[in-house]
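# got a predicted structure here, sequence first:
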Amino acid sequence: MEHQDNISEKFKTFVVQDAPPTVYYIPDFISEDEEAYLLEQVYKSPKPKWTQLSGRRLQNWGGLPRPKGMLAEKMPDWLQKYCDQISSLKAFSGKAANHVLVNEYKPGEGIMPHVDGPMYHPTVTTISLGSHTLLDFYKPLSSTQESGEPQTEESRYQFSLLVRPRSLLVLQDHMYQSLLHGIQPRFQDTLTDAVRNLPSAAEAGGAVAGDNLPRGTRVSLTIRHVPKVIKTTFLLGKKIRQKTDVMEPQSKRRKEAESDNADFWVALPVLSDQQSQDTELIPAFAAPITDKKETSRLIKELRSLYPLTGLTHIKRVRSHKSADGLYSPQVLLCLVSDAPDVDLHSESLAIESLLPPDIVGLEGLGLPFLVKIPAFPPLTRPQFQLASKHWPTTFHEDKQVTVALRGELFGGPQKARMQGYMEAALAAARAAAGLGSGQEPVGAAMVDPKEERILAVGHDCRGGNPLHHAVMVCIDLVARGQGGGAYSFEKYPACTAAMSPTSSHSKPAAESSKTIARVVEEGQPYICTGYDLYVTREPCVMCAMALVHSRIGRVFYGTASADGALGTKYKIHTQKDLNHRFDVFKGVLSQQCKDLYGLKDPIKH
Ligand SMILES: O=C(O)CCC(=O)C(=O)O
Ligand SMILES: [Fe+2]
């Protein structure tokens, strides 16, 4: 057989004799350090990298495989290493692995019996991390029913493989092509004789038939080769990147080349006022703790006298560095407003006036002094850092916000795609400017980020109808693509919509079942659920509300606008009393978006 002729001798010694052709099971393929490192990388990936399915969540690396081909994305180095290692063992008949699916299963989770199908080279290799699992194999539904018995999952079950953490499993031939594989959603596995690799798996883990193995969280790296790869990105029949006219003067071309480069713009989150405002401070009294042994008693007594209600984020004690470089503890006594009768201007503040000695024993306390403490819990890392300069607080960090504020939420390939989408909006804005007759130079593109597809591109058409701002046009065009829509923009050739974006049959099974789940769960899907809007300038109140009503996923704008409702005048996307909120980022190709207005910057900084 082709694979067996090709596959490295190293694998051959690990063939599972008691299973159909061909399974290789290699215990301890990676070390414990490598396992820890890989898990760290998996959990370090930004939140949006995860797709939550009903019984597990997954990360897709290398591109989304589709029947027409996979739009390849760069594999991160931490996965590339294992793609290379497994490919060099000729697991894929000499071809290189270019796709990794990361699955995370909590105890009690699993995956339905399935075949991986023809989009992959018929070999699947899996590195397991964190916990074991039992991978079960089933024969396919046969059209000729031999016994007249119904073909249940139970009756089709054949055998299992015990897959230990740090092992590599390679399935080929009959095991890949004919049998289905799945993982039962269990909290523990009982080992039986149906586990065909028990001898080799047990050797590495000391398990025998009859043992019960409780499951922990298992992360699997399913490493495969996708033969069909599309290298160039086409959108709405056009290439993403349309190069500028070669006749333009060199300086202009250099400037465009620079600002075209994804290193020259950064998308920053537009956060709520609470997240972006400076730390509000309130005056309070603190005092040094001169005898550390008294600390816990002092805290207890102070807490009962001055509980500092509503300030649960404030730490009662801090370690203070004095001028001589030594650290000593200080304790927060109370807010200034808690002690209205205290004369702040008196030469020496008598501690007895703050702390009645019959309630708080004053042993171990030094002279009180004034401090300022943060009035609210910090919501972002910059707020936390600022707050900590005054008095230490707790901080429940939203890592995604931290990464976003550093401008690092979107990596290289993602930025390249974002740039392509904003370029489509820019092209529409330029078309609007070319029309004259009252159109503003604003363009917008609606994108399905899961499918990486532009669904509609629109520009400002207020010359024809004062309500037809670019965003309104774009939403109406998406509705049109879904079989609805109220207006015709036929006389504007730069306003286009792709037809029926939701009826694509090309999605992998997991994706399409998710789409169905969304429709079932939420009833009629809203026009823009899960979509991203790219718009050259910050939308106005009308457009922002239309985005709320159509349940937009995220908005990316190039440049702020004096009347903007997503950051400048209002932050409609963060309003707690509206029933839909969404993330907004500004700065995508900001220079080109500003250039649409000539030298006139729409907002004065
Ligand atoms: O987690 C595993 O080992 C199996 C994953 C799998 O079968 C798949 O993603 O197709
Ligand atoms: Fe699978």
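Alright, I've got the coordinates. Ligands and ions are numbered 1, 2, ... in the order given.
# for the nearest residue in space to R581 that is not next to it in sequence, grab the count of nearby residues.
Among residues not flanking R581 along the chain, H573 sits closest, at 5.8 Å (C-beta to C-beta, 6 or more residues apart in numbering). In short, each C-beta sits where N, CA and C put it, glycine included. Other residues near H573 come to 24 when the count uses other C-beta atoms under 10 Å.
# with E423 instead?
Neighbours around E423, by other C-beta under 10 Å: 21.
# again, but for T295
Neighbours of T295 (other C-beta under 10 Å): 15.
# check contacts around it.
Residues in contact with T295 (C-beta atoms under 8 Å, 6 or more residues apart in numbering) are 289, 317, 329, 331, 364.
# confidence-wise, which of those residues comes last?
Minimum pLDDT across the contacts of T295 is recorded for G364, with 90.
# hmm, that residue is touching K293, no?
Yes - G364 lies in contact with K293 (C-beta atoms under 8 Å); the separation is 7.0 Å.
# still on that earlier bit, quick one: which of the contacts of T295 is nearest T152?
Closest to T152 out of those is V317 (63.5 Å), distances taken as C-beta to C-beta.
# if I look at that closest one, how far off is G530?
47 Å (C-beta to C-beta, to the nearest Å).
# go on, P413?
Separation of P413 from G530 (C-beta to C-beta): 20 Å.
# out of the two, which sits in the busier spot?
G530 (17 against 14).
# which residue packs closest to that one, ignoring adjacent ones?
G553 (4.8 Å).
# before we move on, the earlier item: more neighbours: G364 and K293, which one.
Between G364 and K293, counting by other C-beta under 10 Å, G364 is the more crowded of the two (18 against 9).
# can you pull the contacts of the more buried one?
289-295, 298.
# give me that answer again for 10 Å
G364 makes contact with 287-295, 297-298, 329, 331, according to C-beta atoms under 10 Å, 6 or more residues apart in numbering.
# circling back to that earlier point, for ligand 1, state which of the contacts of T295 is nearest.
V317 (47.5 Å; C-beta to the nearest ligand atom).
# go ahead and confirm that closest one touches I299.
Yes - using C-beta atoms under 10 Å, V317 is in contact with I299, at 6.6 Å.
# identify the contacts common to these two.
289, 331-332.
# before we move on, the earlier item: turn the contacts of G364 into CSV, columns for secondary structure.
What follows is the contacts of G364, written out as CSV (DSSP: H, G, I helix; E, B strand; the rest coil):
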residue, secondary structure
A287, strand
P288, strand
I289, strand
T290, coil
D291, coil
K292, helix
K293, helix
E294, helix
T295, helix
R297, helix
L298, helix
P329, strand
V331, strand
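# just give me the closest of those to T192.
Once C-beta to C-beta is applied, the member of these that ends up nearest T192 is T295, at 58.0 Å.
# for ligand 1, what is the nearest residue in the stretch 301-450 of the chain?
K450 (17.3 Å).
# that residue reaches R66, doesn't it?
No - under the criterion of C-beta under 10 Å, K450 is not in contact with R66, lying 11.6 Å apart.
# looking at these two, which is more packed in?
R66 (18 against 15).
# isn't there a strand covering that one?
No - R66 is assigned coil when assessed by three-state DSSP, not a strand.
# got the contact list for the spatially closest residue to R537 that is not a sequence neighbour?
Closest residue in space to R537, ignoring its immediate chain neighbours: S561 at 4.7 Å, by C-beta to C-beta, 6+ apart. Neighbouring residues of S561 by C-beta under 10 Å, 6+ apart: 442, 535-540, 567-569, 597, 602-603.
# in which helix or strand does S561 reside?
Assessed by DSSP states H and E, S561 sits outside every helix and strand.
# got a pLDDT number for it?
94.
# low-confidence ranges, the stretch 501-605 of the chain, go.
Applying pLDDT under 70 to the stretch 501-605 of the chain picks out residues 501-525, 598-605.
# which residues of it fall in helices?
509-522, 541-549, 590-595 (DSSP state H, counting those that start in this stretch).
# before we move on, the earlier item: list just the nearest of the contacts of S561 to ligand 1.
Nearest to ligand 1, judged by C-beta to the nearest ligand atom, of these is V535 at 36.6 Å.
# now the closest one, nearest residue through space, not along the chain?
That would be A444: by C-beta to C-beta, 6+ apart, it lies 4.1 Å from V535.
# quickly list what that neighbour is bridged to.
G458, V535 (DSSP bridges).
# I figured F376 hits Q277, correct?
Yes - at 9.0 Å, F376 counts as touching Q277 under the criterion of C-beta under 10 Å.
# what about stretch 397-407, average pLDDT?
The model assigns stretch 397-407 a mean pLDDT of 89.
# got the buried residues for that stretch?
Residues of stretch 397-407 classed as buried by neighbour count (16 or more other C-beta atoms under 10 Å): 401, 403-405.
# just the element for whichever residue of the chain sits closest to ligand 1, please.
Using C-beta to the nearest ligand atom, the single residue of the chain nearest to ligand 1 is S220, 3.4 Å away. Counting by DSSP H and E, the element that carries S220 is strand 218-224.
# how about R303?
With DSSP H and E as the criterion, the answer for R303 is helix 295-305.
# next structured bit after that helix?
strand 317-321.
# how far does that next one sit from the chain's center?
Its chain's C-alpha centre and that of strand 317-321 lie 37 Å apart, by C-alpha atoms, centre = their mean, to the nearest Å.
# cool, stretch 311-324 as well?
For stretch 311-324, the distance to the chain centre is 35 Å (C-alpha atoms, centre = their mean).
# what's the pLDDT at Y492?
90.
# roughly how far apart are it and M446?
For Y492 relative to M446 (C-beta to C-beta), the value is 16 Å.
# okay, the two: which has more neighbours?
Per other C-beta under 10 Å, whichever of Y492 and M446 has more neighbours is M446, with 31 against 21.
# who's in contact with the more buried one?
M446 neighbours (C-beta under 10 Å, 6+ apart): 421, 424-425, 453-458, 471, 474-475, 477-478, 481, 497-498, 501, 527-528, 531-535, 550, 552.
# just the CA trace of the helix or strand containing it, in CSV.
For M446, the element it lies in under DSSP H and E is strand 443-448. This file holds the C-alpha atoms of strand 443-448, laid out as CSV (Å, rounded to 0.1, in the frame of the first residue of the first chain):
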residue,chain,number,x,y,z
GLY,A,443,-17.4,53.8,1.7
ALA,A,444,-18.3,50.7,3.6
ALA,A,445,-17.8,46.9,3.2
MET,A,446,-19.7,44.2,5.1
VAL,A,447,-17.7,41.1,5.7
ASP,A,448,-18.5,37.6,7.0
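# next one: that strand to chain centre, how far?
Taking mean C-alpha positions (C-alpha atoms, centre = their mean), strand 443-448 and its chain are 20 Å apart.
# now do the same for that strand: mean pLDDT, whole number.
95.
# now K10, nearest residue through space, not along the chain?
That would be L89: by C-beta to C-beta, 6+ apart, it lies 5.9 Å from K10.
# okay, how far is it across stretch 333-351, tip to tip?
In stretch 333-351, first residue to last residue: 10 Å (C-alpha to C-alpha, to the nearest Å).
# and what of stretch 60-70?
12 Å.
# and it with ligand 1, contact?
No - judged by C-beta under 6 Å from any ligand atom, stretch 60-70 makes no contact with ligand 1; its nearest approach is 10.1 Å.
# distance between that stretch and the chain's centre?
On C-alpha atoms, centre = their mean, the centre of stretch 60-70 falls 18 Å from that of its chain.
# and it, what's buried?
60-66, 70.
# ditto for stretch 366-376
366, 368, 371, 373-374, 376.
# show the end-to-end separation of that stretch, please.
27 Å.
# now find how far off-centre that stretch is within its chain.
39 Å.
# quick one: average pLDDT of it?
For stretch 366-376, the per-residue pLDDT averages 92.
# then stretch 190-200?
89.
# how about it, does it reach ligand 1?
No - on the criterion C-beta under 6 Å from any ligand atom, stretch 190-200 is out of touch with ligand 1, staying 13.8 Å away.
# identify each buried residue in that stretch, please.
Neighbour count says stretch 190-200 has 191, 195-198, 200 buried, by 16+ other C-beta under 10 Å.
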